[in-house]
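Visitor: build me a model:
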Amino acid sequence: MGNRLKGKNAVITGAGRGIGRAVTVALAEEGANVVVCDLGCSPDGTGADRDPADAVVEECRRLGVEATAHYGDVSDFGAAEEMINTCVHNFGKIDILCNIAGNNTWNMIFDMSEEQWDRVIAVHLKGTFNLTRHATPLMRQQRHGRIINCTSAAATRLAPLGNANYVAAKGGILSFTYAIAKEMGRYGVTCNAFAPNAKTRLWGKWSHEAAERRLAPKKLVDGLASQITDASCFASLMAYLASDAAANVNGCAFFILGKTLGILSNPEIVRQVTIGRRREDRWTFEEIEKRVSQELLVDYINPAPPELSNS
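Guide: Residues are numbered from 1 along each chain as shown. The predicted structure is shown next:
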């Protein structure tokens with residue numbers, strides 16, 4: 001039990017299981033009071049159960065901190081406001097917000113339904129917006145706050161098949177994090193993200209689906225499984241980002257895989273070419289075709305080339 005977060009108050013979504021639970025316990029171990037937010041749904045976002053949130057509340061109270069539960073849906077704008085207000089009402093203020101709640105439904109894009117798309121975007125991306133929208137006015141007023149968002153390595157070129165909805169949501173969260181860091185940094189509020197690889201219900205469900213429906217090669221799934229660790233192995237990073245020690249860490253996205261800790265790069269221009277010197281000069285189809293292949297796509301490899309027909 002430490003005291004690096006003593007006197008701080010945190011709201012953590014998805015806190016009843018997996019990564020959210022590990023983060024909640026890590027913050028409580030450092031002395032933070034916590035609002036344990038969890039709908040208690042299944043991995044695909046259906047159903048509800050209060051028991052997971054209640055169990056984490058009791059676990060945190062045994063650590064000597066104050067803890068209370070909220071069972072709302074992060075995709076509901078009003079429920080998100082209630083989560084923030086619960087923290088302020090019970091503990092006096094909010095210092096830390098961890099947006100971790102997630103769900104997933106798997107399907108190739110040509111088979112994905114509108115409902116599958118909407119459900120995942122609503123929880124991950126809109127949910128992150130909802131909580132952040134309600135927390136930032138308070139953090140701005142007190143000129144202090146820590147926001148930590150959960151993105152994914154799936155938002156990079158490591159994206160697995162059958163996850164376009166999840167990938168889009170996590171990519172949106174990554175860009176959202178950079179935007180909020182710029183908007184809120186001047187007020188003493190930091191916003192960072194982390195891309196975990198942990199043994200959770202979502203991972204177990206995806207690896208099963210990948211094997212059953214051949215969404216990813218077995219070698220890839222087995223390789224990832226050998227590196228993925230228990231969520232508690234990296235929860236200390238969240239405690240660090242939530243602390244005063246990370247007051248100058250803002251707009252960063254951390255990547256964790258096994259025993260490796262790194263930082264993801266913000267998308268940037270890696271190579272460029274120009275045409276002419278006169279204002280009226282314009283790119284032509286022929287010039288683009290030539291220079292893209294010869295200068296821009298140097299060493300480029302198509303990540304998914306067309307398969308040859310057997311006919």
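
Visitor: contact partners of the longest helix seen in the chain?
Guide: Criterion DSSP state H: the longest helix present in the chain is helix 164-184. Residues outside helix 164-184 that contact it (C-beta atoms under 8 Å, 6 or more residues apart in numbering) are 99, 104-105, 109, 112, 116-117, 119-121, 123-125, 128-129, 132, 136, 139-140, 145, 147, 149-152, 154-155, 159, 190-193, 195, 250-251, 253, 264, 266. The C-beta positions use only the backbone N, C-alpha and C, and glycine is treated the same way.

Visitor: among the residues you listed, which lie within strands?
Guide: Using DSSP state E, 99, 145, 147, 149-150, 190-193, 195, 253 are the members of those that sit in strands.

Visitor: out of these, which end up buried?
Guide: Among the ones in strands among the contacts of helix 164-184, those classed as buried by 16 or more other C-beta atoms under 10 Å are 99, 145, 147, 149-150, 190-193, 195, 253.

Visitor: pick the one among the residues you listed closest to residue 232.
Guide: residue 150 (15.3 Å; C-beta to C-beta).

Visitor: surely the closest one meets residue 196?
Guide: Yes: using C-beta atoms under 8 Å, residue 150 is in contact with residue 196, at 7.0 Å.

Visitor: joint contacts of these two?
Guide: residue 19.

Visitor: please give me every residue in contact with residue 7.
Guide: Residues near residue 7 by C-beta under 8 Å, 6+ apart: residue 31.

Visitor: quick one: mean pLDDT over stretch 9-21.
Guide: The pLDDT scores in stretch 9-21 average 95.

Visitor: that one spans what distance, first to last residue?
Guide: 16 Å (C-alpha to C-alpha, to the nearest Å).

Visitor: before we move on, back to that, just give me the least confident of the ones in strands among the contacts of helix 164-184.
Guide: In terms of pLDDT, residue 195 ranks lowest among the ones in strands among the contacts of helix 164-184, with 88.

Visitor: most widely separated two among the buried ones among the ones in strands among the contacts of helix 164-184?
Guide: 145 and 195 (21.7 Å).

Visitor: can I assume residue 162 sits in a strand?
Guide: No: using DSSP: H, G, I helix; E, B strand; the rest coil, the assignment for residue 162 is coil, not a strand.

Visitor: residue ranges in the stretch 1-150 of the chain under the pLDDT threshold?
Guide: 1 (pLDDT under 70).

Visitor: where do the helices of it begin and end?
Guide: Remark: helices assigned in the stretch 1-150 of the chain by DSSP state H, counting those that start in this stretch are 18-29, 51-61, 77-91, 114-121, 127-142.

Visitor: do the same with the stretch 201-311 of the chain
Guide: Going by DSSP H, counting those that start in this stretch, the stretch 201-311 of the chain shows helices at 201-213, 218-227, 235-242, 285-291.

Visitor: quick one: residues contacting the closest residue to residue 30 other than its chain neighbours.
Guide: Closest residue to residue 30 apart from its sequence neighbours, by C-beta to C-beta, 6 or more residues apart in numbering: residue 5 at 4.0 Å. Applying C-beta under 8 Å, 6+ apart to residue 5 gives the contacts 27, 30-32, 96, 239, 242-243.

Visitor: go again using 10 Å as the cut-off
Guide: Shown in contact with residue 5 (C-beta atoms under 10 Å, 6 or more residues apart in numbering): 26-34, 65, 95-96, 146, 239, 242-244.

Visitor: next: residue 113.
Guide: So residue 113 contacts 105, 107, 119, 165 (C-beta under 10 Å, 6+ apart).

Visitor: how many residues are close by the second one?
Guide: It stands for residue 107. Using other C-beta atoms under 10 Å, the number of residues around residue 107 comes to 18.
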